[in-house]
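J.: structure for this input, please:
(chains A, B, C and D)
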4 protein chains.
Amino acid sequence: MLKGLSRAGLGDIGSDERFIALAGEYGFQTVDIDAKGLIDRNGLEGARKLLADGGVAIGSIGLSVEWRQSEEKFRAGLAKLAEEAAAAASLGVRNCCTYVLPATDYKAAHFAVIATRRLRTCAQILGAYGIRLGLEFVGPHHLRTAWANPFLWSMDETLDWIAAIGEPNVGLLFDAYHWYTNGHSVADIEALTPDQLVHVHINDAPDVPVEEARDNGRLYPGEGVIDLAGFLKALNAIGYKGSVTQEILSAEAPSASPESLLARSKAGFDKVYAAADLA
Amino acid sequence: MLKGLSRAGLGDIGSDERFIALAGEYGFQTVDIDAKGLIDRNGLEGARKLLADGGVAIGSIGLSVEWRQSEEKFRAGLAKLAEEAAAAASLGVRNCCTYVLPATDYKAAHFAVIATRRLRTCAQILGAYGIRLGLEFVGPHHLRTAWANPFLWSMDETLDWIAAIGEPNVGLLFDAYHWYTNGHSVADIEALTPDQLVHVHINDAPDVPVEEARDNGRLYPGEGVIDLAGFLKALNAIGYKGSVTQEILSAEAPSASPESLLARSKAGFDKVYAAADLA
Amino acid sequence: MLKGLSRAGLGDIGSDERFIALAGEYGFQTVDIDAKGLIDRNGLEGARKLLADGGVAIGSIGLSVEWRQSEEKFRAGLAKLAEEAAAAASLGVRNCCTYVLPATDYKAAHFAVIATRRLRTCAQILGAYGIRLGLEFVGPHHLRTAWANPFLWSMDETLDWIAAIGEPNVGLLFDAYHWYTNGHSVADIEALTPDQLVHVHINDAPDVPVEEARDNGRLYPGEGVIDLAGFLKALNAIGYKGSVTQEILSAEAPSASPESLLARSKAGFDKVYAAADLA
Amino acid sequence: MLKGLSRAGLGDIGSDERFIALAGEYGFQTVDIDAKGLIDRNGLEGARKLLADGGVAIGSIGLSVEWRQSEEKFRAGLAKLAEEAAAAASLGVRNCCTYVLPATDYKAAHFAVIATRRLRTCAQILGAYGIRLGLEFVGPHHLRTAWANPFLWSMDETLDWIAAIGEPNVGLLFDAYHWYTNGHSVADIEALTPDQLVHVHINDAPDVPVEEARDNGRLYPGEGVIDLAGFLKALNAIGYKGSVTQEILSAEAPSASPESLLARSKAGFDKVYAAADLA
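T.: Numbers count the residues shown, from 1 in each chain, chains lettered A, B, ... in the order given. So this is what the prediction gives:
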């Protein structure tokens, strides 16, 4: 499993170019950035050189298509998605992810069937470039009532949705915080096959009742109460070989320097990987 | 468009064999019955002869698979579905239908994605035999709150669901009562293409506020307030060539003789077809 | 059924803007042109006005994606396809077509499975914009051996391919010349449903043995030996309501003026429509 | 990776019940047998007990549907497939396999598209029960010309076909003999992800030019020239965790006792697993 970083939790780390260099310096192997932007600014060879020099790969790009609102907005993003997928594929990226809010102001069943079709179309376009689509279920309880109607939030519900979408290249973005706030177990991970996992997020939770853990109240790995040793052990046991990418959402951006936040992140990874008997 | 009958509205008409004969006598062209049962009882050649002698074809079979409850019950019906589809295909049947209740006791979004997958599987099995799957949206308002959570009940919602299912052989079972109770218009029909219609039901509604029209309070065609002339004209204009099948759900089974109910049905069809300038 | 024109057979008719105006003048209802190009040059409102002023709609756009060669070329065309589909949809176009050569220098089975996947992806992108993909089978016998290995050339083979592609929005581009050179019958058309037809081409064949009819030896409708009355009657009988678009491929471009070629085309349509008892 | 047996290479081993017991005695972990037959003869609980007592699981069932001939034969097998899948699922089986002959008497492209549709339908039915479909490419050169037209025989061609079939639950049955006779490399295995592998066959080849290796001229593992250490190491490295099942096709059934053939098989496995540094 690769150690990865997203920008969330690193403060004002600056350009993607700087992010790549710093991630490599601190021993991380992947970064989640916009592949097309990197190529647009640096050329394909320039982008490849930046990644090679930093010693990192791109863990996942984000899905830019607006699949949650009007049909017009949805359609308007598809040509760009093809371009982004082409760019990502040219850098060897195999993953693209989006998150699923656990409630919606739309009628839930109707939104479910519309979103099923839209995400299938996104997966089909990504699939033409050998890229998978990861769906991130979102566990914090307060979000389940943040919109009018309950939608989907557990691992099983999301796997059922993936089956409804029905494309071979769709799987989970599996986030430790959502695993924890859903009350899922190590055995739930062990029941998966690695192809069901497109990407993994790691982070930690404060010592509050699980129902009170806020989505933007996340801690650095090893600083909280989530059983990250069990989480990582199980992922490794089932044969997951992709990125484990830090994502620390917080109410306020951290004010420390990027270097100190990277060092804190590295220390967190080292602690929890050691606890999981992983290198 | 073919004039068709279901058993609903004909009282105690007896065996399918008798139903076939009587339907033919009263000038109807299709009946909705169980094709496999007809063959099981009469042999393939016997079944073909009964239909030929009666001058009727089978308009649609019903989907016997239990797609609304547990996964075990769902799976248990798939082998039988293949057998029923094979039987139906051997009699030239091209349609199989099921209805969609407008509310559910399950979490609506989760049920939507599970049912999407299950109905897709049914459509795929039927498709192997050249048979289409028709989904009947159900309009009466009282049913929208008869279970805990709202599901899908309008034509547009159901077309969105059909797109989510994503198989070429899925379309609408289009029922005049549900068209009426949804407040849909003639223009809504004119916007369809005939391949979106798998089957059509005809019936009429009492002169009560549309919100109060009960699902089992249906009248014979021409005896109520639905604009069936507009309904039939629009279906014919878009090129629909399938069955228009009577389905009269009532709180109590009609007590008149089958023959008088058939005569009443025939009179109803004659009236509304004439009003629509159809033969 | 709408009377339509492509550029093939009209000589040097000039810009699409002029083509639209002339088509309308000569009583045609659709033209096959590049929708995106029309919008790029005239703006969306300008393009709509040109079509409205000419009294014509766009019958079909052509599939620009290169699906017959390398994977790189294929992928390179997908973003453009999304843009072209968006443009076409904004002008109300519902059809996009490509042709299928009856032989290939690739290993036939391998090309078949690669092309199945690629055309499915094209259909999926088009489907996101409500546009159908029409596949034109190509009948002239000399082309069956023009490349090393036989591929697909008959209506039935192409329908089997469409089933393998498996998307709801794929159908036939049905060309009278290919119907004729395949030896297909009026009954073959009558066995279709209108949703299996995305687009129709009309033209005529010289009085030579059918095996010798060259792909670029086509005549104007009514000037040759194809039973176009039977062809049109059958299309109308099954409920086809789309365009019947002239496509005259010839070894040398006609030297007559566009106006005289349009008059000749109009006369041909009038003759064969009258023979088919159509307006 | 589990050590598995098929009947091929074990001579006259008798009933499946005896096969289960003997496989367990000789240290094998899976057997390839007919799950439905085992249940039909022993009941579900009886079948489970036999497998538990033997200490073996079922590695894969065979696809009984006739997908290579007429549409009638194909359709006739689908109900049985649903029953077989239900039976297999009740015993925890997740795999069903079929082989692909490298040539065909049908027109190759047409057979390719028909078989694409048929195998998709099979995969869809199997998928409803959580079972995957494995396609075995067949490498021996003499078979490539054993029928009129070349079909598909390499790993890459078969992966392209799997993409054309387009269902999430279809992958390879990967046989060492076909890997060898295709001239595929260890790197070709390392480029796979484990979800692309449904099942694995192991066997060995005589020391003849690879073009002369006959399909029914296979040897027991470790008795021939295939680099089975490299084969097994690569499968293990990519995370394959399923069965490695012996299949020894020979011109004449071996005349030795099943016990001696089992001992020979066990010795072969021990040798090649040790060479691959596997337990």
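
J.: which parts of the stretch 151-279 of chain A sit against chain D?
T.: A:Gly166, A:Glu167, A:Pro168, A:Thr193, A:Pro194, A:Asp195, A:Gly239, A:Lys241 (Cβ under 8 Å from any Cβ of the partner chain). In this view, the C-beta of every residue, glycine as well, is placed from N, C-alpha and C.

J.: list only those of the residues you listed flagged as buried.
T.: Neighbour counting over those (16 or more other Cβ atoms under 10 Å in any protein chain shown) leaves A:Gly166, A:Glu167, A:Pro168, A:Pro194, A:Asp195, A:Gly239 as the buried ones.

J.: A:Gln246 contacts A:Tyr220, doesn't it?
T.: Yes. With contacts counted by Cβ atoms under 8 Å, A:Gln246 reaches A:Tyr220, the gap being 7.5 Å.

J.: where do the contact lists of those two overlap?
T.: A:Gly9, A:Asn203, A:Ser265, A:Gly268 (Cβ atoms under 8 Å, 6 or more residues apart in numbering or on different chains).

J.: ok, so of those residues, who is nearest A:Ala276?
T.: If you rank the shared contacts of A:Gln246 and A:Tyr220 by distance to A:Ala276 using Cβ to Cβ, A:Gly268 comes first, at 12.6 Å.

J.: the closest one - that's part of a strand, no?
T.: No. Applying DSSP: H, G, I helix; E, B strand; the rest coil, one finds A:Gly268 to be helix, outside a strand.

J.: what about it, neighbour count?
T.: 23 (other Cβ atoms under 10 Å in any protein chain shown).

J.: strands of the stretch 151-279 of chain A, residue ranges please.
T.: A:170-175, A:197-202, A:243-246 (DSSP state E, counting those that start in this stretch).

J.: what's the spacing between the shortest one and its chain's center?
T.: Relative to the centre of its chain, strand A:243-246 is centred 8 Å away, using Cα atoms, centre = their mean, to the nearest Å.

J.: give the other helices and strands that that strand contacts.
T.: strand A:2-5, strand A:197-202, helix A:258-275 (3 or more Cβ pairs under 8 Å, 6 or more residues apart in numbering or on different chains; DSSP states H and E).

J.: compare A:Gln246 and A:Tyr220 and say which is more crowded by neighbours.
T.: Neighbours were counted for A:Gln246 and for A:Tyr220 using other Cβ under 10 Å; A:Gln246 has more, 29 against 23.

J.: for the more buried one, give me the pLDDT.
T.: pLDDT recorded at A:Gln246 is 98.

J.: could you do the one 3 residues further on as well?
T.: Listed pLDDT for A:Leu249 reads 96.

J.: make JSON lines from the buried ones among the residues of the stretch 151-279 of chain A next to chain D and add pLDDT and distance to B:Met155 to it.
T.: Output for these, formatted as JSON lines (pLDDT from 0 to 100; distance: Cβ to Cβ, whole Å):
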{"residue": "A:Gly166", "pLDDT": "97", "distance to B:Met155": "24"}
{"residue": "A:Glu167", "pLDDT": "97", "distance to B:Met155": "27"}
{"residue": "A:Pro168", "pLDDT": "97", "distance to B:Met155": "32"}
{"residue": "A:Pro194", "pLDDT": "95", "distance to B:Met155": "42"}
{"residue": "A:Asp195", "pLDDT": "95", "distance to B:Met155": "38"}
{"residue": "A:Gly239", "pLDDT": "94", "distance to B:Met155": "47"}
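
J.: nearest to B:Ile33 among these?
T.: A:Gly166 (32.7 Å).

J.: mind checking how far the closest one is from D:Arg118?
T.: A:Gly166 sits 19 Å away from D:Arg118, going by Cβ to Cβ, to the nearest Å.

J.: quick revisit: pick the most buried one from the helices and strands packed on strand A:243-246.
T.: strand A:197-202 (a mean of 27; mean count of other Cβ atoms under 10 Å in any protein chain shown).

J.: quick one: contacts of that one?
T.: A:1, A:6, A:59-60, A:95, A:97, A:132-134, A:136, A:170-177, A:221, A:228, A:231-232, A:235, A:240, A:242-247, A:269, A:272.

J.: assumed A:Val93 was part of a strand.
T.: No. A:Val93 is assigned coil when assessed by three-state DSSP, not a strand.

J.: what about it, how many neighbours?
T.: 24.

J.: correct me, but it touches A:Ala35?
T.: Yes. With contact defined as Cβ under 8 Å, A:Val93 counts as touching A:Ala35 (5.4 Å).

J.: now the common contact residues for the two.
T.: In contact with both A:Val93 and A:Ala35: A:Ile58, A:Ile61, using Cβ under 8 Å, 6+ apart.

J.: now do the same contact list for A:Leu172.
T.: Residues near A:Leu172 by Cβ under 8 Å, 6+ apart: A:Gly134, A:Leu135, A:Glu136, A:Phe137, A:Met155, A:Thr158, A:Leu159, A:Ile162, A:Leu192, A:Gln196, A:Leu197, A:Val198.

J.: can I get these in TSV including pLDDT?
T.: TSV is the format used below for the contacts of A:Leu172 (pLDDT from 0 to 100):
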residue	pLDDT
A:Gly134	98
A:Leu135	98
A:Glu136	98
A:Phe137	98
A:Met155	98
A:Thr158	98
A:Leu159	98
A:Ile162	98
A:Leu192	97
A:Gln196	97
A:Leu197	98
A:Val198	98
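
J.: quick one: which of these is most hemmed in?
T.: A:Phe137 (27 neighbours).

J.: which residues touch that one?
T.: Here A:Phe137 is in contact with A:Val100, A:Pro102, A:Leu152, A:Trp153, A:Ser154, A:Met155, A:Glu157, A:Thr158, A:Leu172, A:Asp175, A:His178, A:Asn182 (criterion: Cβ under 8 Å, 6+ apart).

J.: hang on, isn't the third one packed against A:Leu101?
T.: No. Because the distance of 9.2 Å does not satisfy Cβ under 8 Å, A:Leu152 is recorded as not touching A:Leu101.

J.: between those two, who's got more neighbours?
T.: A:Leu152 (25 against 17).

J.: can you tell me the closest non-neighbouring residue to that one?
T.: Excluding its sequence neighbours, the residue lying closest to A:Leu152 (Cβ to Cβ, 6 or more residues apart in numbering or on different chains) is B:Ala109, at 5.4 Å.

J.: what number of residues lie near the one you found?
T.: 30.

J.: got a list of what it touches?
T.: B:Ala109 touches A:Thr104, A:Ala108, A:Ala109, A:Phe111, A:Ala112, A:Asn149, A:Pro150, A:Phe151, A:Leu152, A:Glu157, counting by Cβ under 8 Å, 6+ apart.

J.: could you rerun that using 6 Å?
T.: A:Ala108, A:Ala112, A:Phe151, A:Leu152 (Cβ atoms under 6 Å, 6 or more residues apart in numbering or on different chains).

J.: try A:Asp16
T.: Here A:Asp16 is in contact with A:Ile33, A:Leu38 (Cβ under 6 Å, 6+ apart).

J.: distance of it relative to chain C?
T.: 22 Å (Cβ to the nearest Cβ, to the nearest Å).

J.: one more: A:Tyr240?
T.: Counting by Cβ to the nearest Cβ, the separation of A:Tyr240 from chain C is 27 Å.

J.: identify the residue spatially nearest to A:Ala85, adjacent ones excluded.
T.: A:Tyr129 (4.1 Å).

J.: if we can go back for a sec, and the helices and strands packed on strand A:243-246: which comes nearest B:Cys122?
T.: Short answer: strand A:197-202, nearest of these by Cβ to Cβ, at 28.7 Å.
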